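Participant: Fold the following, please.
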Amino acid sequence: MFKKIFFAILMLYMSGCSSLPEGYRQCPLVTIKRQDARLIQIVNYQDNFEIELIGVEGFCYFDERVNQEKAKITPIFKVKKLRNTDETDVQFSWFTNTIKGPPQFLGKKSYFVGTSLSSKEMSKEFKGKQVEVKIPLDMMYEFEIFAGLDISPQERKYNQKIFDVELGYIEE
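Facilitator: Numbering: from 1, shown residues only. Predicted coordinates:
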């Protein structure tokens, strides 16, 4: 009985994954590289917070005022306390970067974001402020935008030593 229910749920789930029409193209085309998506923030030589860029929401439109295609991108973050601390405010920055296309559309831009966690809150998902990226005309579906967290060389080196697997431990 349980096998039948399990397979029915599995088939329903798989059918939902393939509901996009063939040839569907997404705009904006945002890529998040794993090495730019996670940051262990160290304060006073202790791991305080783990910050992850877990995704983005976005859409493209044509701005008739300036005769320009644009993408609106809203980042989605997850912040997690790594130890019990009195620190409640978390500030960090993230970026958008374009590396292929006409020269006037290329470059990296950083955006600052912050949030607060209450003393009892161990993790939090939240959306950052929506940003706008110009897209070359007629390249709406081909213009790749990279997104990630701004990570210093020291933080990147430290992050590479730490596992990024969610183990599901519960503190008591």
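
Participant: Asp86 belongs to a strand?
Facilitator: No: Asp86 sits outside any strand when classified using DSSP: H, G, I helix; E, B strand; the rest coil, being coil.

Participant: So which bits of the host helix or strand of Ile51 are buried?
Facilitator: Secondary structure assigned from DSSP states H and E places Ile51 in strand 46-63. Within strand 46-63, the residues scored as buried using 16 or more other C-beta atoms under 10 Å are 49-53, 55-56, 58, 60. All C-beta atoms are positioned from the backbone trio N, CA, C, and that covers glycine.

Participant: next SSE after it?
Facilitator: Heading towards the C-terminus - elements assigned by DSSP H and E - strand 46-63 is followed by strand 68-81.

Participant: how far is that following strand from where the chain is centred?
Facilitator: Computed by C-alpha atoms, centre = their mean, to the nearest Å, the separation of strand 68-81 from the middle of its chain amounts to 6 Å.

Participant: Report the buried residues of that strand.
Facilitator: Buried residues in strand 68-81, defined by neighbour count with 16+ other C-beta under 10 Å: 69-71, 73, 75, 77, 79-81.

Participant: quick one, that strand and strand 46-63 angle?
Facilitator: An angle of 160 degrees separates the directions of strand 68-81 and strand 46-63 when computed by axes from the mean of the first three to the mean of the last three C-alpha atoms, to 10 degrees.

Participant: Now do the buried residues in the next helix or strand after strand 68-81.
Facilitator: Reading on from strand 68-81 to the C-terminus, the next helix or strand found by DSSP H and E is strand 89-98. Of the residues in strand 89-98, those buried by neighbour count under the rule 16+ other C-beta under 10 Å are 90, 92, 94-98.
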